[in-house]
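J.: Structure, please.
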Amino acid sequence: MQQFFIGIILVLGLSSYYLYNENQTLKGNNLKLENAVEQQKAAMSAMKESYERQGQSLAQLTQRNAQIEGEMNRYLDIFRRHNLNQLAEAKPGLIEKRVNAGTKAVFEDIENDTEELYNLGSVDTPN
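T.: Next up, the predicted model:
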């Protein structure tokens, strides 16, 4: 009978030791999972911030595109209203100065737009 109780105590002791080891393993795994969740939260936060920045940049580009389309329509309206060939033959100096100034302005706008697009792709530049 004494051996029976010793056997039960031995079985209970071994099972307690096994459960203690399992508990320690589960605590370690839980800690690892909590760290992984924190990393995922940080990644999601960074992605959300990036998405918001992209949305703001898209809104700015859309607004700028509307401005450019308005300018384009204004310029096209000028060309529709005037016969530039006839005007260039009548007053070549006047037309040459305006065309050169307009061409310079267009090239500067293209350079500025290209620079803005380049800066959108750069992480270090604030927009």
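J.: domains for this structure, by residue range?
T.: Listed domain ranges for the chain are 1-69, 82-121 (source: automatic domain parsing).
J.: pLDDT below threshold where in this structure?
T.: For the chain, residues meeting the criterion pLDDT under 70 lie at 122-127.
J.: Secondary structure element for Ala105, which one?
T.: helix 92-121 (DSSP states H and E).
J.: which of the residues in that helix are buried?
T.: Ile95 (16 or more other Cβ atoms under 10 Å). Heads up, the C-betas are built off the backbone N, CA and C, glycines and all.
J.: roughly how far out does it sit from the chain middle?
T.: The chain centre lies 29 Å from the centre of helix 92-121; the measure is Cα atoms, centre = their mean, to the nearest Å.
J.: repeat for stretch 90-108
T.: Here stretch 90-108 is found 39 Å from its chain centre; the criterion is Cα atoms, centre = their mean.
J.: and what of stretch 34-48?
T.: On the basis of Cα atoms, centre = their mean, stretch 34-48 sits 17 Å off its chain's mean C-alpha point.
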